[in-house]
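*Asks:* 3D model of this:
(one chain, ligands or ions: 2)
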Amino acid sequence: MIEKDRKSFSGGRRYKNDDITVYWKPDACVHASYCYRELIEVFDPGRRPWVDMEGASTERIIEVVNMCPTEALTWKWNNTERNLEVGPDQTNHVIFRRPELAGEDTEDTEVREQPVLVKIMYDGPIIIKGDFILKYGDNAREMKGGLISLCRCDSSNQMPFCDGTHRKIGFEDV
Ligand code: SF4
Ligand code: FES
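*Replies:* Ligands and ions are numbered 1, 2, ... in the order given. Purely as a prediction, here's the structure:
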């Protein structure tokens, strides 16, 4: 029997099955849409609550949460000892978002440039990730290790950024 748990935590909500807890931070979402495109059975923005932990296997939920390009979706095992065995490739595991637990040297000040990745999401925004300068009108902002999501549907209320409106209006690539 899967326990239903949709409690709040600071900055978001959490959803639990027998094996894992998925954390959802709406403020960190860039509407890249990997989650519902890959696994609508679990992540359905049109449903309340929008996450149904009974919609797929634990392995598949982990796989899709790991695709989220931000910290909007993260996860961890309910068995805390098991969390120590998780590899760093499982990027959206909350333990590796906390350098002190991942064993990373937090004093390391060496600057490593991050190549820029530009990804056009089908029926969605353009995701830009890495080190770059963002210019919009007269403003320019240096983005170090940045991640932005630019609107392609021309309907965002937060131009030039995507605010998720593309999904509501059914924007489609032709
Ligand atoms: S950033 Fe994308 S994958 Fe992550 S929660 Fe938001 S829509 Fe889903
Ligand atoms: S592409 Fe997301 S609001 Fe336009």
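*Asks:* for this protein, which helix is longest?
*Replies:* Using DSSP state H, we find that the single longest helix of the chain is helix 58-65.
*Asks:* could you identify the helix or strand that succeeds that one?
*Replies:* strand 73-77 (DSSP states H and E).
*Asks:* quick check: next helix or strand after that following strand?
*Replies:* Heading C-terminal from strand 73-77 (DSSP H and E), you reach helix 80-83.
*Asks:* how far away is the residue of the chain positioned farthest from its centre from residue 127?
*Replies:* The centre of the chain is farthest from one residue, residue 138, which by C-alpha atoms, centre = their mean lies 29.9 Å away. Using C-beta to C-beta, to the nearest Å, one gets 25 Å for the distance from residue 138 to residue 127. The C-beta positions use only the backbone N, C-alpha and C, and glycine is treated the same way.
*Asks:* which ones are touching residue 42?
*Replies:* 35, 51-53, 55-56, 60-61, 64 (C-beta atoms under 8 Å, 6 or more residues apart in numbering).
*Asks:* circling back: what is the mean pLDDT for the longest helix of the chain?
*Replies:* Helix 58-65 shows a mean pLDDT of 94.
*Asks:* tell me the angle of it relative to strand 73-77?
*Replies:* Here helix 58-65 points in a direction 150 degrees away from that of strand 73-77 (axes from the mean of the first three to the mean of the last three C-alpha atoms, to 10 degrees).
*Asks:* residues contacting helix 58-65, please?
*Replies:* 17-20, 22, 34-35, 38-39, 42-43, 53, 56, 73-75, 90, 92.
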